[in-house]
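Undergrad: What would the 3D arrangement of this be:
(one chain, ligands or ions: 1)
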Amino acid sequence: MALIRPMRLADLNDVVKIEKASFPRPWSHNAFITQLAKDASVCLVAEVDQQVIGYTIATQYVEVWHLLDLAVREDYRRQYVATELLEFLFELCGREQHRGYTLEVRKSNRGAIKMYESFGFICTGLRKGYYSDNSEDALIMWKDSEDMLA
Ligand SMILES: CC(C)(COP(=O)(O)OP(=O)(O)OC[C@H]1O[C@@H](n2cnc3c(N)ncnc32)[C@H](O)[C@@H]1OP(=O)(O)O)[C@@H](O)C(=O)NCCC(=O)NCCS
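TA: Just a heads-up that it's a prediction; the model follows:
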């Protein structure tokens, strides 16, 4: 089981390596620094043996949490690291009232879509040609906050 904790500047070399290996259009080092500096953002890492093996970033706009980034190092995938990161994130974000969570995911990313669905996300729309590297469509996914379900 990984340790889930807040991301620090010192983690960024590992984080950027995972990011580059995971996405065709990876975030830059500076994009992570921007998120770390924002009060409205939550940046978490998963750590095993003092190595960062995954991370997630979410930011809040107008009572909605936007999941901006999530990746796990390839050799640690399918070991519930993303699940642990998301569970921690939802626990943290759920402490204050909000409307829910949203994210965009490539239409072809079936594994990630399946994982989000297992957390209660549903597909609410499509952004045509959203990804500039291959003009792939993005699915827009939404999950109500626990408050909204009560
Ligand atoms: C998507 C990603 C974050 C999942 O991380 P992970 O730690 O491997 O996910 P988990 O082990 O917590 O998976 C939980 C469940 O999600 C589903 N799932 C996750 N990855 C899957 C895959 N590649 N294929 C099918 N189902 C998958 C499964 O139901 C899995 O449970 P199971 O293993 O019991 O079947 C990881 O594959 C990754 O970093 N991918 C590249 C970056 C990316 O696509 N990020 C998401 C952008 S929106």
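Undergrad: Please make it C-alpha for all contacts and neighbour counts, starting now.
TA: Will do.
Undergrad: And the helix of greatest length in the chain, what's buried?
TA: If you go by DSSP state H, the chain has its longest helix at helix 81-93. Neighbour counts over helix 81-93 (16 or more other Cα atoms under 10 Å) mark Val81, Ala82, Leu85, Leu86, Leu89, Phe90, Cys93 as buried.
Undergrad: mind listing what the helix or strand following that helix pairs with, with the direction of each?
TA: Next along the chain after helix 81-93, taking DSSP states H and E as the criterion, comes strand 100-106. Strand pairing for strand 100-106, using DSSP bridges, gives strand 64-72 (parallel), strand 136-144 (antiparallel).
Undergrad: Now render those strands as JSON lines, adding mean neighbour count, distance to Ala58 and mean pLDDT.
TA: Converted to JSON lines, those look like this (neighbours: other Cα atoms under 10 Å; distance: least, Cα to Cα, whole Å; pLDDT from 0 to 100):
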{"stretch": "strand 64-72", "mean neighbour count": "20", "distance to Ala58": "4", "mean pLDDT": "98"}
{"stretch": "strand 136-144", "mean neighbour count": "19", "distance to Ala58": "14", "mean pLDDT": "98"}
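Undergrad: which one of those lies closest to Arg5?
TA: For these, proximity to Arg5 was assessed by Cα to Cα; strand 64-72 is nearest, at 14.3 Å.
Undergrad: who in this protein is up against the ligand?
TA: For the chain, the contact set with the ligand under Cα under 6 Å from any ligand atom comprises 22, 70-72, 77-83, 105, 111-112, 114-115.
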